[in-house]
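1. Got a sequence here, can you model it:
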Amino acid sequence: MRLKDKVCVITGSSRGLGEAIARGYAREGAKVVVTYCREKQRAERVARDIGAELILKLDVRDRNSIKGAFKKVAEHYGHINVLVNNAGINRPADFDKQTEEEWNEVIDVNLTGVFRCCQEVLPYITDNGRIINIGSLSGEYGGPRTPSYACAKMALMALTHNLARFLGPRNICVNTLSPGVIAGEFTEKTMSPEVRKTVDSLMLIKRLATYEDMVGAAIFLASDESSYLTAQTISINGGAWVR
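-> Next up is the predicted model:
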């Protein structure tokens, strides 16, 4: 029970990695706040499965939506211990085919959305709290077919570093968890055979990741065990990218 009674808000926790983290945190005793943008029924199912008391609509593109959600958490629990900035989108395209509309959409959700959430959580997050930003191998490797996504995730690592400096005096640890390529519905739909060959050639562990592969690190980063770890990017990518 490494997260016993910690109030943990996870953006985009109705499916995918956010759902896996929510379930992992609940197993460790956390008071998980499940959030969603569109998929209310899926969020309700996750909340029911893990016994979450709060299910909130939170659209990272809308500052008022973020303000309202965090205020409700504080009214219910009194504070927030952990924020996981997981909500994200991707619009894969070759560089010369990426539209400006797609670029702006991805940057707004994956980077500016995290910026908004980090600003708005500050009145409610406790000293010795945790902020965990979900990065990506794409941001470290540079794509290859996701210019907007790669740039957003690379910039997210800089945001993590900057915010860790700002919140250091409060002993709030800010880190990025950077997953490799995760097997799932989105990957199957969007990854071309050529990119899959590139991915396979890079990985030292010859398989795609699972969501569960990320959960242990997410628990560690939220726990008291990580109290001296901040401003770092934790890469879990099967050795596909080594700095």
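2. Counting by contacts, list what the helix ranked longest in the chain packs against.
-> The residue-count maximum for a helix in the chain (DSSP state H) belongs to helix 147-167. Applying 3 or more Cβ pairs under 8 Å, 6 or more residues apart in numbering; DSSP states H and E, we find helix 147-167 packed against helix 100-107, helix 113-121, strand 125-134, helix 137-141, strand 173-179. Using the backbone N, CA and C atoms, a C-beta is placed for each residue, glycine as well.
3. Restrict the last one to CA atoms and write it as CSV.
-> What it means is strand 173-179. C-alpha atoms of strand 173-179 as CSV (Å, rounded to 0.1, in the frame of the first residue of the first chain):
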residue,chain,number,x,y,z
CYS,A,173,9.0,16.3,-7.2
VAL,A,174,8.2,16.7,-10.9
ASN,A,175,9.3,14.0,-13.3
THR,A,176,8.5,12.7,-16.8
LEU,A,177,7.6,9.1,-17.4
SER,A,178,8.5,8.4,-21.1
PRO,A,179,6.9,5.2,-22.5
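4. Show me what that strand is packed against.
-> In terms of contacts (3+ Cβ pairs under 8 Å, 6+ apart), strand 173-179 is packed against strand 125-134, helix 137-141, helix 147-167, helix 212-222, strand 233-236.
5. distance between the ends of stretch 232-243?
-> 12 Å (Cα to Cα, to the nearest Å).
6. buried set for it?
-> Across stretch 232-243, burial judged by 16 or more other Cβ atoms under 10 Å covers 232-238, 240-241.
7. Ok, stretch 5-14 next?
-> 6-14.
8. Distance from the chain centre to that stretch, please.
-> Here stretch 5-14 shows a centroid-to-chain-centroid distance of 10 Å under the convention Cα atoms, centre = their mean, to the nearest Å.
9. Then stretch 66-79?
-> 19 Å.
10. now swap in stretch 124-141 and tell me
-> 7 Å.
11. just stretch 105-124 next, same as before
-> Computed by Cα atoms, centre = their mean, the chain-centroid distance of stretch 105-124 equals 11 Å.
12. First-to-last residue distance for that stretch?
-> First-to-last residue span, stretch 105-124, Cα to Cα: 28 Å.
13. For that stretch, buried residues please.
-> Neighbour-count burial for stretch 105-124 flags 106-118, 120-122, 124 (criterion: 16+ other Cβ under 10 Å).
14. tell me, what residue is most central in this protein?
-> By Cα atoms, centre = their mean, the chain has its centre lying nearest to N86, at 2.4 Å.
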